[in-house]
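>>> Below: sequence and its predicted model.
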Amino acid sequence: MKLLNERDRRIYREELAPRLPARIFDAHVHVFDRDFFPPGFTFPPRTCYHKFGGAFPLPLWREAMKELLPEQEVWLNCFSTPRREIDRDRMPEVKGPREFVMALVSPADPVEKVKQRIESARAVGVKPYLNYAAELYGKKNGEVEIFDMLTPEQLAYLDEKALAVTLHIPRAGRFADPLNQRQMRELCEKYPHIKFIFAHIGRAYFMRNLRESNLEEFVQYPNAFFDTAMVNSAEILKYLCDRFPAERILFGTDTPIALLRGKSVEINDQCAYLMGENYAIGTSIIDTEGAVEFTFFFYEQLRGLLAGIPEGDLEKVLFTNAHQLFTGIRAQ
């Protein structure tokens, strides 16, 4: 795989390599093979997975990391892509001590099925998604609540085994939504042994959303974590680190989306993705004229972390926290 151009190499050499720790742990990666889907399945046009031939298997991730982070030892926690058509029983076949996997889960899955899925792959937890709940309960995606995404039986099992949940919270209000906040807190209180990793900092991609999140209320829950996937704002990352324990912040990228060229920006209390490639992710503004030479979202996220997080916390966020969390779960 040839990803980097000369500008990318200069960014790595001059901005990133001098300050990055020797080990990086990416806690949020999507990995899947073509045969995870039924025969004849294709992604919709302009889906970013077309860039990688309709799949993103682990060998491709390993190859990409050797190119993007040539001086680092890179670890990952991964799960496949939560589409309705995917076979949830198929999971990335992680190898060795540096690779961890989570199982996709729908509220339609009996708890015995979830248990079998986790035990067969030695998974460290699960990744629910709102579209599975919407399909089961006949709701629109925007109507799904957090409590729709996992059943009480599934949560009881995950709590008993002290596993992790990477949760992409629903609803248009994201982290600022009072119902989301209440249900997030209730999960942490009722299931104290589950490690709840709220993905994308609770989807707080713009400052007003994070300011209205009541973030400080989550400090009291030792089982509440946030990953930074697809957040490249130094201001947001600094706000998070100023108000929440750095020991419970995990670096994540949302790769392979992070391997696209672009940068997320805040516009009037909204998030938009400035895209250097003709793929659609969220609210995209595509540079059709090629006026700007972009680097990867992956590098922009690292830039944001290096600018927004105190120097003494960088290694914790970029490696130590995820390493301790996932190796601790696996050791059980």
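Now that the structure is in, tell me what you want to look at.
>>> give me the number of residues near residue 61?
By other Cβ atoms under 10 Å, the residues close to residue 61 number 24. Backbone N, C-alpha and C define where each C-beta goes, glycine included.
>>> Now do the phi/psi pair for it.
Backbone torsions of residue 61, given as degrees, to the nearest 10, read phi -60, psi -50.
>>> Can you verify my assumption that it contacts residue 253?
No: if you go by Cβ atoms under 8 Å, residue 61 and residue 253 don't touch, sitting 10.5 Å apart.
>>> list residues touching both of the two?
Residues touching both residue 61 and residue 253 (Cβ atoms under 8 Å, 6 or more residues apart in numbering): residue 29.
>>> just the helices in this protein please.
For the chain, the helices defined by DSSP state H occupy 6-11, 58-68, 111-121, 130-137, 146-149, 152-160, 178-190, 200-203, 207-211, 234-243, 297-308, 314-315, 321-331.
>>> Tell me the buried residues in the fourth one?
Yep, that's helix 130-137 we're talking about. Neighbour counts over helix 130-137 (16 or more other Cβ atoms under 10 Å) mark 130-134, 136 as buried.
>>> Ok, the fifth one next?
With burial defined by 16+ other Cβ under 10 Å, the residues of helix 146-149 counted as buried are 146, 148-149.
>>> From the contact counts, what lies against it?
When contacts are defined as 3 or more Cβ pairs under 8 Å, 6 or more residues apart in numbering; DSSP states H and E, helix 146-149 sits against helix 130-137, helix 178-190.
>>> For those helices, give me TSV that also has mean pLDDT and distance to residue 120.
TSV is the format used below for the helices and strands packed on helix 146-149 (pLDDT from 0 to 100; distance: least, Cβ to Cβ, whole Å):
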stretch	mean pLDDT	distance to residue 120
helix 130-137	98	20
helix 178-190	98	26
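>>> would you turn those helices into CSV with distance to residue 287?
Putting the helices and strands packed on helix 146-149 into CSV (distance: least, Cβ to Cβ, whole Å) gives the following:
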stretch, distance to residue 287
helix 130-137, 29
helix 178-190, 33
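>>> So which of those helices is nearest residue 261?
Nearest of the helices and strands packed on helix 146-149 to residue 261, taken as Cβ to Cβ: helix 130-137 at 26.8 Å.
>>> for the closest one, the distance to its chain's centre please.
Averaging C-alpha positions (Cα atoms, centre = their mean, to the nearest Å) puts helix 130-137 20 Å from its chain's average.
>>> do the same with stretch 237-256
11 Å.
>>> can you start the count at 528 instead of 1 from here on
I'll keep to 528 as the first residue from here, and by that count the last item is stretch 764-783.
>>> If you count neighbours, what's buried in it?
In stretch 764-783, counting by 16+ other Cβ under 10 Å, buried: 764-768, 771-773, 775-783.
>>> Now residue 741. Its backbone dihedrals?
Torsion angles at residue 741 (phi, psi; degrees, to the nearest 10) stand at phi 60, psi 40.
>>> pretty sure it contacts residue 709?
No: if you go by Cβ under 8 Å, residue 741 and residue 709 don't touch, sitting 9.8 Å apart.
>>> picking up where we left off before, residue 787 is nearest to which of the helices and strands packed on helix 673-676?
Nearest to residue 787, of all these, is helix 657-664, at 21.4 Å by Cβ to Cβ.
>>> any residues touching that closest one, and which ones?
Outside helix 657-664, the residues that reach it (Cβ under 8 Å, 6+ apart) are 609-611, 632-635, 666-668, 670-671, 675-676, 695, 697.
>>> now with 6 Å?
Contacts with helix 657-664, where a contact means Cβ atoms under 6 Å, 6 or more residues apart in numbering, come from 633-635, 668, 671, 675-676, 697.
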